[in-house]
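**Student:** Sharing a model prediction with you, sequence too.
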Amino acid sequence: TGLALAAVLLIGMRAVPGVLLGAFLANVTSHEPIATAAGIAAGNTLEALVGASLLRAAGFRPSLERMRDVLALGLAAVASPLVSATIGVTCLCLGGVQPWDAFTRLWGVWWFGDALGDLVLAPLLLVWIRPPRGLDRWNVGEAVALGLVTVAVGLGVFTEPLQMPAGTYPLHYGAFPLVVWAALRFGQRGTATIIFLTSALAIWGTAHGAGPFVMGTRQESLVMLQLFLAVVAVTAL
């Protein structure tokens, strides 16, 4: 979702065939019927068009330097996934892939996951599309230090090898000082990068049964993790 939104914003309508084809291939290779995959792909493409239209109407700047740009992105992240979730889950149920009594649960998971994509991946692509201004030697060293600390904290909190009793110690709050550090010292580029890095480590660890957000099922675990990451991303941006 974040990739599609950024592509339509930056490239325009020329990106639509790529979004449509990519979404179709992603779904048809997940052993879904061709008609179901095509319907989901159409919903994903329409989602990106709706999100981009909302942002353009708000006078959005990809640099995310203004508060109104961040708020507009938040609005698009809330509104545009409504389209994809509704069309996608309807296609799954019509195609017999999922039962109708699971519609509400699937819809919520779909909407939340797409919204997080708009808040995590889209900003990373949008703010890095322009060449960065040069950093002095100290800032380069500080940036490397921030990246290394982020990886170390992510491994220690969210992955199996260094997992600690997170149910007793709220170690996941260690992500907040890092995104604040990035925001104060490196602007939106640093912030979006640290959010993405933290999210990647957290999702990977949680999907493999490690970290503080592990619940009864993998789906429940990822929903709880996504809620945390959404708060981190919105706060930092």
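**Tutor:** On my side now, so go ahead. Given the structure is predicted, the values throughout are model-derived calculations rather than measurements. Numbers count the residues shown, from 1 in each chain.
**Student:** Tell me who's in contact with the residue nearest to the spatial centre of the chain.
**Tutor:** The residue lying closest to the centre of the chain (CA atoms, centre = their mean) is residue 117, at 2.4 Å. Residue 117 sits next to 1-3, 5 when contact means CB atoms under 8 Å, 6 or more residues apart in numbering. Every C-beta, even on glycine, is put in place using the N, C-alpha and C of the backbone.
**Student:** Which of these has the largest number of neighbours?
**Tutor:** Most neighbours among those, by other CB atoms under 10 Å: residue 5, with 30 neighbours.
**Student:** Now that one: which helix or strand?
**Tutor:** Take DSSP states H and E as the rule and residue 5 turns out to sit in helix 2-11.
**Student:** picking up where we left off before, which of the contacts of residue 117 lies closest to residue 29?
**Tutor:** Closest approach between the contacts of residue 117 and residue 29, by CB to CB: residue 3, at 16.9 Å.
**Student:** Not including adjacent chain positions, what is the nearest residue to the closest one?
**Tutor:** In space, residue 3 comes closest to residue 121 once its chain neighbours are excluded; the distance is 5.9 Å by CB to CB, 6 or more residues apart in numbering.
**Student:** What's the local residue count around the closest residue to residue 237 other than its chain neighbours?
**Tutor:** Distances taken as CB to CB, 6+ apart place residue 70 nearest to residue 237, at 4.9 Å, with adjacent residues excluded. Neighbours of residue 70 under the rule other CB under 10 Å: 18.
**Student:** re the thing from before, relative to the whole chain's centre, how far out is the one helix or strand the residue nearest to residue 3 maps to?
**Tutor:** Applying DSSP H and E as the criterion places residue 121 in helix 103-128. Centre-to-centre, helix 103-128 and its host chain are 5 Å apart (CA atoms, centre = their mean, to the nearest Å).
**Student:** Next SSE downstream of it?
**Tutor:** Scanning onward from helix 103-128 (DSSP H and E), the first element met is helix 137-158.
**Student:** which strands and helices sit next to that following helix?
**Tutor:** helix 175-207 (3 or more CB pairs under 8 Å, 6 or more residues apart in numbering; DSSP states H and E).
**Student:** quick one: buried residues of the helix or strand just after the helix it packs on?
**Tutor:** As assigned by DSSP H and E, the chain's next helix or strand after helix 175-207 is helix 218-236. Neighbour counts over helix 218-236 (16 or more other CB atoms under 10 Å) mark 221-223, 225-226, 228-230, 232-233, 236 as buried.
**Student:** Quick check: pLDDT value at residue 209.
**Tutor:** Per-residue confidence (pLDDT) for residue 209: 85.
**Student:** typo on my end, it should be residue 167
**Tutor:** 51.
**Student:** Share the number of residues neighbouring residue 173, please.
**Tutor:** Neighbours around residue 173, by other CB under 10 Å: 12.
**Student:** In this structure residue 69 contacts residue 61, no?
**Tutor:** Yes - between residue 69 and residue 61 there is a contact at 5.2 Å, judged by CB atoms under 8 Å.
**Student:** Looking at these two, which is more packed in?
**Tutor:** Neighbours were counted for residue 69 and for residue 61 using other CB under 10 Å; residue 69 has more, 21 against 13.
**Student:** ok, residue 40 touching residue 30?
**Tutor:** No - assessed by CB under 8 Å, residue 40 is found out of contact with residue 30, at 9.6 Å.
**Student:** of those two, who's got more company?
**Tutor:** A side-by-side neighbour count of residue 40 and residue 30, using other CB under 10 Å, places residue 40 first with 27 against 11.
**Student:** Remind me which helix or strand that one belongs to.
**Tutor:** helix 34-57.
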